[in-house]
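**Q** Prediction below, plus the sequence it came from.
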Amino acid sequence: MEALCARMVGADRSPAFLDFYRARMPADAPGHVLASLLTDRFFWFGSGILAERKARRGQAPVYLYNLAWRSPVLGGCLRAAHGIDMALWFDNADRAGLLAGQRPEAGAIAKLLSSSLAAFARTGSPQTPGLPEWAAYSPDSRTCMVFDLPPRTVNDLAGDVRLFWEASDVELSAGIML
């Protein structure tokens, strides 16, 4: 874990990163701590940068989401694994048993995501009757829909993580195309 972290953020920064993530998740196994660090490094933080840049342009509303629903597969150890949302967005939870499981909750979360996607395609807003008020993302509020059962909106979700990465000086934006 230490070696992989050092490759991602630099050997000089690695101890601070591992300390930060271990403190945020003291009960988690090392693999989950590392998975959270990887997720934030390669997905979450970059998504925030992209959302902020798009919102500042003001050409169209921006909507940010986080899938927090944890798959029951393999005793829940996958959590909200990367890519699991693809089957859910298209209401195919029944065909994604290896990732989503065959419980009714998988169908319920799939309905929330797929209806939101359809609403967005129709109207430009992902708001549906099954969701709480979902305001467009702005650099001031950083509103994010957290897809879980029940769904909720959060302003500046994982703000402590965002601030930590911003202060770290690790280059993150190179892979973001605008």
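**A** Structure received.

**Q** got the residue ranges for the strands in this protein?
**A** 64-67, 143-147, 152-155 (DSSP state E).

**Q** quick one: the first one to chain centroid distance?
**A** Same thing as strand 64-67. 5 Å (CA atoms, centre = their mean, to the nearest Å).

**Q** Give the other helices and strands that it contacts.
**A** Helices and strands touching strand 64-67, by 3 or more CB pairs under 8 Å, 6 or more residues apart in numbering; DSSP states H and E, are helix 45-57, helix 84-89, strand 143-147. In short, each C-beta sits where N, CA and C put it, glycine included.

**Q** hey, which of those is tucked in deepest?
**A** Among the helices and strands packed on strand 64-67, strand 143-147 has the highest mean neighbour count (mean count of other CB atoms under 10 Å), at a mean of 22.

**Q** pLDDT of that strand, averaged?
**A** Throughout strand 143-147, pLDDT has a mean value of 96.

**Q** Show me what that strand is packed up against.
**A** Using 3+ CB pairs under 8 Å, 6+ apart: strand 143-147 touches strand 64-67, helix 104-123, strand 152-155.

**Q** So what's the residue count around Ala29?
**A** 10 (other CB atoms under 10 Å).

**Q** Oops, could you answer that again for Thr123 instead?
**A** Thr123: 10 neighbours (other CB under 10 Å).
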